[in-house]
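1. how would this look folded up:
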Amino acid sequence: MKVRNIVLIILGIILIGLVYGPIISKGKGPKTEISKKTATIVPVIIAKNYLAQVEYEAYGQVTPYTEINVVFEVQGKLLKGDKKLKPGHSFKKGSVLYRVDQSEELYTIYSRRSAFNSMLVNLLADIELDFPSELEKWKRFTNAINDKEALPELPTFNSDKEKRFINSRNIATEYYNIKSAETRLNKYVYRAPFDGTVVETFAEEGSYVSPATSIARIVKTGDYEVKVPIKKEELNHFTSAQKLWFISPNKDTVGLGKIIRTSNVVNQQTQSIDTYLSISPVNGHKVYQGDFLNLVCAEKLEMETVTLPHTALENNKVQYLKDSTLHSLEIKNFGYKGDSLLIAEIPENTKVLCTYLQNPKADTKYEAVEK
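-> Next comes the predicted model:
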């Protein structure tokens, strides 16, 4: 009897569970679903429009305006100039930077001057017979010739007959050949064409150099330009700006810039226009070759804009919240100010997302948190 009662109780409990279980589950279901639907929090900026000054920036490097390679037109043993030169050494205009041993060429000229003198001495007797009035000037010319000094100026011919006579003896021909050799002696000495600095050396004292062999690379001191690649769409802002400033990586104003020339072709590596500017240092700053500088120009906008971070813009669009729903707005006018964007045509007090969300879900609700 007891066993039968226990079985009936268990069956009753099971029956009650089957009947009321689904009802209880349905009653709890909506509460669970509602608890899962929470809003996604996103940082926003409340749009405040104002007249701003937009800045355009480009990045460039200081290069020498005048830079040349030291080369000789002659060959021989390389000798030092007024002092031994190494990279970083400075020099003055007109100082001797390098020499090439000219001993062989020098002795050859000595020999030719001596032989030329002998030609004239042998010719004096004929001049005395045919041109007695011209004898004294040719004697003075002959006596003035020194084997170790440059030839004096050739006497002036007073008649065509005298000229033909002298030329028939090859006097004029040999004279000009020797003068040419004397001029060539200057090519054994390289004098500085300007005040400058040695950037790099390629040969040392005692080495053998040939014509057109690079000995060193030198630059003119204080004569620099800055090569700046500028985006095609921004070039007109720089060319029309009243002032251009060069800023160091430390945000110091280094100098004023002025556009010297602009390339007519696009740089294939940077897809920008190479622009070359002079630089005038300010505030006691010193400019060095190889310095990297930012070129900045400021332009006052004629429309009100909102300042936003770069992360807010994607494909010329920004996102904003309205009634907890995400919307997008296409942007047509924007500029730059430092690390920020200046964007026009955004309604006042619009809640603009600081970061553009990729692939947002349409049924997601958002809650704005002002940044």
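
2. Please name the nearest non-neighbouring residue to residue 231.
-> residue 272 (5.5 Å; C-beta to C-beta, 6 or more residues apart in numbering). The way it works is simple: take the backbone N, C-alpha and C, and place the C-beta from them, glycine included.

3. mind checking how far that neighbour is from residue 93?
-> Per C-beta to C-beta, to the nearest Å, residue 272 is found 36 Å from residue 93.

4. Mind checking which of the two has more residues around it?
-> Counted by other C-beta atoms under 10 Å, residue 272 and residue 93 do not tie: residue 272 has more neighbours, with 17 against 12.

5. surely the more buried one meets residue 227?
-> No - assessed by C-beta atoms under 8 Å, residue 272 is found out of contact with residue 227, at 10.9 Å.

6. which residues of this protein score low on pLDDT?
-> Along the chain, the model assigns pLDDT under 70 to residues 1-12, 15-37, 333, 338.

7. and with 80 instead?
-> Within the chain, the ranges that satisfy pLDDT under 80 run 1-38, 52-55, 299-303, 332-339, 362, 371.

8. so what does the longest strand along it touch, helix or strand wise?
-> Scanning the chain for the strand with the most residues, using DSSP state E, yields strand 292-309. Using 3 or more C-beta pairs under 8 Å, 6 or more residues apart in numbering; DSSP states H and E as the contact test, the elements touching strand 292-309 are strand 50-64, strand 224-230, helix 235-240, strand 244-247, strand 334-337, strand 340-344.

9. Tell me how far residue 162 lies from residue 80.
-> As judged by C-beta to C-beta, residue 162 and residue 80 stand 49 Å apart.

10. To clarify, my last question referred to residue 178.
-> Residue 178 is 29 Å from residue 80, where distance means C-beta to C-beta.

11. Could you do residue 247 as well?
-> For residue 247 relative to residue 80 (C-beta to C-beta), the value is 42 Å.

12. And residue 260, by the same measure?
-> Distance, residue 260 to residue 80, by C-beta to C-beta: 36 Å.

13. do residue 181 as well
-> Taking C-beta to C-beta, one finds residue 181 at 25 Å from residue 80.

14. likewise residue 214?
-> Note on residue 214: its distance to residue 80, by C-beta to C-beta, is 17 Å.

15. and what of residue 204?
-> For residue 204 relative to residue 80 (C-beta to C-beta), the value is 9 Å.

16. ok, those two, which is more surrounded?
-> Taking other C-beta under 10 Å, residue 204 and residue 80 do not tie; residue 80 has more neighbours (14 against 11).

17. Kindly state the beta-bridge partners for the more buried one.
-> Residue 80 forms beta bridges with residue 98, as assigned by DSSP bridges.

18. ok, it touching residue 99?
-> Yes - using C-beta under 8 Å, residue 80 makes contact with residue 99 at a distance of 7.2 Å.

19. Do you have the helices of the protein handy? List them.
-> Applying DSSP state H to the chain gives helices spanning 2-36, 103-130, 135-144, 160-168, 171-185, 235-240.

20. can you list the residues that contact the shortest one?
-> Residues outside helix 235-240 that contact it (C-beta atoms under 8 Å, 6 or more residues apart in numbering) are 56, 58, 230, 244, 259, 262, 273, 275, 295, 297, 299.

21. out of those, which one sits closest to residue 218?
-> Nearest to residue 218 among those, counting by C-beta to C-beta, is residue 275 at 25.8 Å.

22. For the nearest residue to residue 189 once chain neighbours are set aside, grab the count of nearby residues.
-> Nearest non-adjacent residue to residue 189, counting by C-beta to C-beta, 6+ apart: residue 99, 5.4 Å away. When neighbours are counted by other C-beta under 10 Å, residue 99 registers 18.

23. do residue 366 as well
-> Using other C-beta under 10 Å, residue 366 is surrounded by 21 other residues.

24. Tell me which residues touch it, please.
-> Contacts here follow C-beta under 8 Å, 6+ apart; on that basis residue 366 touches 39-42, 321, 324-326.

25. let's see it at 6 Å
-> 40, 42, 321, 324, 326 (C-beta atoms under 6 Å, 6 or more residues apart in numbering).

26. how close does it sit to residue 347?
-> Counting by C-beta to C-beta - residue 366 and residue 347 are separated by 18 Å.

27. Then residue 126?
-> Separation of residue 126 from residue 347 (C-beta to C-beta): 109 Å.
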